[in-house]
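Trainee: Predicted model follows, preceded by the sequence.
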Amino acid sequence: MKRTNSTRRAPAMMALACACVLGMMAGCSSSGSGSGTRPPATTPPPGGGGDDGGGTPPPTTSKPTTPTGQVAEGAGNTVTATGNAITEIGKQIQGANLPIVTDATGNATGQVVIDAGNTVAALGAGVRDGLGKMGAVDNPVGVTVASTGNVVTQAGHTLSSTGDLVNSLGQDQLKVLSPVTTPVGAVVNHVAGGVQRLGENLGDKLSTGPVAQLTGQASKVIVPLTSKLTDTTQALGATTRLGAPVDNLLTKVGGVVAHTGTHLSATKAPVVGPVGGVVTEVGRTVAAAGGLVHGEGNAAGGSGNPLGGLLGGLPLTQTGGQAGGNSDKGAGSGKTGGVLAPVGGLLAPVTGLVGTLGALGR
């Protein structure tokens, strides 16, 4: 039988098709998850870029508080710890078996103390979160002022607990007093409700509107002023070389006091244990006060005249026509004129002593 052209081309077409299939399988093997060599992975650039979310975003840093803010924060924490201590004492009163009084009266008495502690703690929190964050928040004065509303609200809770305490005095064995205690307690509770509503409205009023604008302006004045005063005290400490020793002393004393407070808290004794937190915060506040006289950036002898900014505007014109005088001439040299010339002679011993201390410290 004679073969046609189409019959001769069939094996060739079949071989070509098999070669194509094998090529496709090889390509899948090299690019998939199977065998084969993968291209090296590319590392995204640091800092990220674009909307694909690649890279690591830069870390967010908060503004540091000023040294004055740190001391105010410590004071706020101390007040808060005092409130917490009062609250713990109130809980201990609730858990104790008080003689004479009924259980209801004991619980009510403890609740009054607890709410009073919450009021004190709210006051400390306002100072801590406001003035204690000077330099880190835009309106620290406004935050502290606005927290007054919460303090008033907590005071309303304390008054309400007082009304419950009055009501409890007319129960059980003292039921004969109920004709007096019941109406008086109702009046106290009614007043307490008004105080609570006043506190809620007061918080809104103090945090918005004209009051917020006023406190914002006050913050713009107070924060730079405290920073300038701190710079002056730190520069004075650097010039006299007393800043670092005083800072170290306050840090050590504060550490001892804080350590003592920690031990008191660990005793968990009635009354004494809760007071330990107050002692601890007092120690931390004392340690923070060292930053007012010693700054990390102030090198000894490198701050110049620490009082120059404060005395620059005073009339110190010399009789010879020079304004200010030479720095190498003492205050008692007789070359300084102006309205403070008589004071120069009086300050000569002091300036001499400061110069001696500076020479000894070198």
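Mentor: It's in. As the structure is a computational prediction, the values presented were derived from the model and not from experiment. Residues are numbered from 1 along each chain as shown.
Trainee: Can you get me a residue count around the closest residue in space to Ser207 that isn't next to it in sequence?
Mentor: The shortest distance from Ser207 to any non-neighbouring residue, by CB to CB, 6 or more residues apart in numbering, is to Ala146 (3.9 Å). No exception for glycine: its C-beta is placed from N, CA and C like everyone else's. Per other CB atoms under 10 Å, the neighbour tally for Ala146 reads 23.
Trainee: For Asp115, see how far away Thr153 is.
Mentor: Look at Thr153 and Asp115: by CB to CB, to the nearest Å, they are 11 Å apart.
Trainee: Let me know the pLDDT of Leu98.
Mentor: Listed pLDDT for Leu98 reads 74.
Trainee: How about the secondary structure of it?
Mentor: Put simply, Leu98 is coil when judged by DSSP: H, G, I helix; E, B strand; the rest coil.
Trainee: which residues touch it?
Mentor: Thr105, Gly106, Thr109 (CB atoms under 8 Å, 6 or more residues apart in numbering).
Trainee: What does Met134 show for phi and psi?
Mentor: phi -60, psi 130 (degrees, to the nearest 10).
Trainee: count of neighbours near it?
Mentor: There are 23 residues near Met134, going by other CB under 10 Å.
Trainee: So what pairs up with it in the strands?
Mentor: Met134 has these beta-bridge partners by DSSP bridges: Val137.
Trainee: Do you know the pLDDT at it?
Mentor: Note on Met134: pLDDT of 95.
Trainee: Could you number the chain from 24 rather than 1 from now on?
Mentor: In the new count, where the first residue is 24, that last one comes out as Met157.
Trainee: What is the helix or strand containing Thr105 packed up against?
Mentor: Per DSSP states H and E: Thr105 is located in helix 90-118. Helices and strands touching helix 90-118, by 3 or more CB pairs under 8 Å, 6 or more residues apart in numbering; DSSP states H and E, are helix 126-152, helix 232-263, helix 295-311.
Trainee: Now for Ile109: which residues touch it?
Mentor: Going by CB under 8 Å, 6+ apart, Ile109 touches Val136, Ile137, Ala139, Gly140, Val143, Pro297.
Trainee: Pipe the helices and strands packed on helix 90-118 into JSON lines and attach distance to Leu197 and mean neighbour count per row.
Mentor: Listed next are those as JSON lines, based on distance: least, CB to CB, whole Å; neighbours: other CB atoms under 10 Å:
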{"stretch": "helix 126-152", "distance to Leu197": "8", "mean neighbour count": "21"}
{"stretch": "helix 232-263", "distance to Leu197": "47", "mean neighbour count": "16"}
{"stretch": "helix 295-311", "distance to Leu197": "30", "mean neighbour count": "21"}
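Trainee: Among those, single out whichever gets nearest to Pro206.
Mentor: Shortest distance between Pro206 and the helices and strands packed on helix 90-118, using CB to CB, is found for helix 126-152: 17.0 Å.
Trainee: now for that closest one, which elements pack on it?
Mentor: helix 90-118, helix 163-169, helix 171-191.
Trainee: related to what we said a few turns ago, what residues are shared contacts of Thr176 and Asp138?
Mentor: Common contacts of Thr176 and Asp138, defined by CB under 8 Å, 6+ apart, are absent altogether.
Trainee: returning to that earlier point: mind checking the pLDDT average for the helix holding Thr105?
Mentor: Across helix 90-118, pLDDT averages out at 95.
Trainee: and what of stretch 124-134?
Mentor: Rounded mean pLDDT across stretch 124-134 is 89.
Trainee: Grab the nearest non-local neighbour of Gln257.
Mentor: Gly318 (4.0 Å).
Trainee: how close does that neighbour sit to Val210?
Mentor: 56 Å.
Trainee: follow-up on the earlier one: got the helices and strands packed on helix 90-118 as a markdown table, with distance to Gly193 columns?
Mentor: What follows is the helices and strands packed on helix 90-118, written out as a markdown table (distance: least, CB to CB, whole Å):
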| stretch | distance to Gly193 |
| --- | --- |
| helix 126-152 | 10 |
| helix 232-263 | 43 |
| helix 295-311 | 31 |
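Trainee: which stretch among those helices comes nearest Gly277?
Mentor: The minimum distance between Gly277 and the helices and strands packed on helix 90-118 falls on helix 295-311, with 2.9 Å, by CB to CB.
Trainee: hey, C-alpha coordinates of the closest one in CSV?
Mentor: Taking Å, rounded to 0.1, in the frame of the first residue of the first chain, the C-alpha atoms of helix 295-311 are listed here in CSV:
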residue,chain,number,x,y,z
VAL,A,295,1.1,51.0,106.8
GLY,A,296,1.0,49.1,103.5
PRO,A,297,-1.1,51.6,101.5
VAL,A,298,1.1,54.4,102.8
GLY,A,299,4.1,52.7,101.2
GLY,A,300,3.0,53.8,97.8
VAL,A,301,2.9,57.4,98.9
VAL,A,302,6.5,57.2,100.3
THR,A,303,7.7,55.6,97.1
GLU,A,304,6.3,58.5,94.9
VAL,A,305,7.8,61.1,97.3
GLY,A,306,11.2,59.5,96.8
ARG,A,307,10.8,59.5,93.0
THR,A,308,9.8,63.2,93.1
VAL,A,309,12.8,64.1,95.2
ALA,A,310,15.0,62.3,92.7
ALA,A,311,13.4,64.1,89.8
